[in-house]
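[1] turn this into a model:
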Amino acid sequence: MSLPLTNLRNIGIAAHIDAGKTTTTERLLFFTGVNRKMGETHDGQSTMDFMKQEQERGITIASAAISCSWHDHQINIIDTPGHVDFTVEVERSLRVIDGMVALFCAVGGVEPQSETVWNQAERYKVPRIAFINKIDRTGANFHDVINQMNENLDARAVAFQLPYGQEDEFNGIIDLIACKLYTFKDTETIVSEIPENMKEQAREYKQKLVEHLADFDEEILELFLEDKDVPAELLKKAARDATLKLMVTPVFCGASYKNKGIIQLLDAIVDYLPSPIDKGAIVGMDIDDPEKTRLRNPSPKEPFSALAFKLIHDPFVGQQTFIRIYSGTLRSGMQVMNSTKNKPERIGRILRIRAKDREDIAEAGPGEIVALIGMKYTKTGDTLCDMDQQLHLESIHIPPSVIELKITPESRKDQTRLGEALAKLVNEDPSFHARFDDETEETIISGMGELHLEIIVDRLKHEFKIDVVVGEPSVAYRETITHEVESEYRHSKQTGGKGQFAQTLIRIEPNENNGYEFVDKIKGGVIPNEFIPSVNKGILKTLADGVLAGFPVVDVKVVLLDGQFHPVDSSDFAFQTCGSICFKQGFMKANPILLEPVMKIEINTPDEYIGDITGNLTKRRGRIESMRRYRKGSQKLNGFVPLQEMFGYATTLRNLSSGRANYSMEFYKYMPVSKVIQDEVLKKIEEKKKQDKK
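    The predicted structure is shown next:
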């Protein structure tokens, strides 16, 4: 890369659905010269939403990457979805970006997905600036949104700009650092002095800005106490330092659709968001000793390290593996190690991606986001590194799938093609799962929500040309235990030739919120070392298939205590079978229960419908946690509700509120179902099995 690393910005644009992320990105691309005309989300012409499903629905589904230049800086932008069903796209993007532009709608303010995105950015300690969009809309309130950011997100939000008028009277933007008014004509910005009627408010907000920055900078504090003017460059430097340390969120404003505030947003990205140098060394884990850490500085001279964060199946070039390079230089033809899989990979083509267009490059360095063609083993979350100096980078948090759908190909001859297509989609999207049920001969797909699976079915139809028959959506339950038990099983079969023999004694314990754990406590070689992984393998297969009702088993700890083997008849297969049956028998004695996905729900409603809405939510086994004033005459209800009760809720809410209320849901956690509901679910499964046998 010809530009110094200090002039590189890897940024994400994230927010609630409909806040205007893709429109804002299109404007950034237009003003930086990448696009000659502006694409629009509503007419399906945006550069970033290039998937057919995105263009039809006017929403972003897959995060797209694109590069542009501004004032001798390269900006790599990742535009992310706002819909909660595609939250994994935001998660993996935030894992690899250095800074974020958080968009808020001036009318909607802090909405449910705004909070989710904000918390994800907190998890990865991503510095951010905020852009309050749609200031020209009826109901826009810039100051109220800043208050919501501070109250609901603890954002330490500080206005760096003020809108000059709001709603229909939005005429420009007042820059509090430069103390200038920006007005806009088409794509041109006109700079003038702050009007008399705004001088007092601008002075008041400039004072707040200086006060806030004085907390982090002694020079500003000194000038402030002496009641002297603080130079703009000093304010910018202090603001940048505070933003990078997550101590302040600078807030800007505009109306992307009308091209207002975009140039100032580009300046803010360059001025306040970090370069790879600002982010510093990435911390990895030593391959041989997980307690030890290894650092990689963003330098082309360091050993190579990168994280794969996204896979896309491209019909023209095959599978593209998107990586973020943290250190070293990657060259075409070079061999690197996938330390997650412990397999070497040969680098084929390296592409710089411009949304759906691509450019071949010979090499790429630190801070770059590129796509690789021809990777054999690498999946989302895998670390690629130098062959001789290996390390593991922190992977990507993948939320569990909560909804299932049964699908079968219309034509039986398409079964193999369906399997191949689903394998590609599972590769691309780690929050999507597919499995084949041998008993019912149905394919079961699972994901993050109804829209998520709707898009998958749509892609099967249009991209892979496979027509499928779709069943009713159902909840993805989980199984676990509530008691600790010991279980012993002796597996012995004689079939004429070599027999099968294995014996295991295990203890099964509840392991709440910690997933599955296997502990080997075998002493004295009563089970040879080579057969201990076989016991674990047998149990793992059983976990996936379920015991109580065919749902995956979670949160159990298995301790292998004792056993026996036979020098001739014991084998890997015998110990797998023994481990599986031993676990099943113990599981059924440990008071097994079903867990169901519980969703966090937020409902925005006018005051007059609150009684009906809360009553309906209570009938759905919902629990309301809080109510707060949303805006005049409206409230936000927050609570928790089982997903099982929420199918068709959009229609019910529309009817209850004459179409004036709206809601948003996201996965909260798996929780135990009541005995009555568990019995109902088990009874339905039993009846379904009987029908299938007929």
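[2] helices along the stretch 1-150 of the chain, start to end?
    Assigned by DSSP state H, counting those that start in this stretch, the helices in the stretch 1-150 of the chain fall at 21-31, 52-57, 87-96, 112-123, 142-153.
[3] these: which one's closest to residue 511?
    Closest to residue 511 of those, according to Cβ to Cβ: helix 112-123, at 23.1 Å. Placement of C-beta: from N, CA and C, glycine included.
[4] list the buried ones in the closest one?
    Across helix 112-123, burial judged by 16 or more other Cβ atoms under 10 Å covers 112, 113, 114, 115, 116, 117, 118, 120, 121.
[5] could you do stretch 217-228 as well?
    Buried-residue list, stretch 217-228, by 16+ other Cβ under 10 Å: 217, 220, 221, 223, 224.
[6] tell me how far that stretch lies from the chain's centre.
    42 Å (Cα atoms, centre = their mean, to the nearest Å).
[7] outside of it, which residues touch it?
    210, 211, 213, 214, 215, 229, 230, 234, 235, 237, 238, 241 (Cβ atoms under 8 Å, 6 or more residues apart in numbering).
[8] could the buried residues of stretch 217-228 be laid out in a markdown table, adding secondary structure and pLDDT?
    Listed next are the buried residues of stretch 217-228 as a markdown table, based on DSSP: H, G, I helix; E, B strand; the rest coil; pLDDT from 0 to 100:
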| residue | secondary structure | pLDDT |
| --- | --- | --- |
| 217 | coil | 87 |
| 220 | helix | 90 |
| 221 | helix | 91 |
| 223 | helix | 89 |
| 224 | helix | 84 |
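[9] can you list these in a markdown table and add distance to residue 346?
    Below are these laid out as a markdown table (distance: Cβ to Cβ, whole Å):
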| residue | distance to residue 346 |
| --- | --- |
| 217 | 50 |
| 220 | 53 |
| 221 | 56 |
| 223 | 58 |
| 224 | 59 |
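[10] what helix or strand is residue 408 on?
    strand 403-409 (DSSP states H and E).
[11] point out the other helices and strands that that strand packs with.
    In terms of contacts (3 or more Cβ pairs under 8 Å, 6 or more residues apart in numbering; DSSP states H and E), strand 403-409 is packed against helix 415-428, strand 442-447, helix 450-462, strand 468-470, strand 474-475.
[12] and of those, who's closest to residue 330?
    Closest among these, using Cβ to Cβ: helix 415-428, at 21.4 Å.
[13] so which bits of that closest one are buried?
    Buried, per 16+ other Cβ under 10 Å, within helix 415-428: 418, 421, 422, 424, 425, 426, 427, 428.
[14] out of those residues, which one has the lowest pLDDT?
    On pLDDT alone, residue 428 ranks lowest of the buried residues of helix 415-428, at 76.
[15] skip the chain neighbours and tell me the closest residue to it.
    residue 311 (4.9 Å; Cβ to Cβ, 6 or more residues apart in numbering).
[16] how many neighbours does that neighbour have?
    For residue 311, the count of nearby residues is 21 (other Cβ atoms under 10 Å).
[17] coming back round to it: which one of the contacts of stretch 217-228 is nearest residue 524?
    Looking across the contacts of stretch 217-228 and measuring by Cβ to Cβ, the closest to residue 524 is residue 241, at 61.3 Å.
[18] to what extent is that closest one buried, counted in neighbours?
    Neighbours around residue 241, by other Cβ under 10 Å: 16.
[19] also the one 5 residues further on?
    Neighbour count for residue 246, taken as other Cβ under 10 Å: 15.
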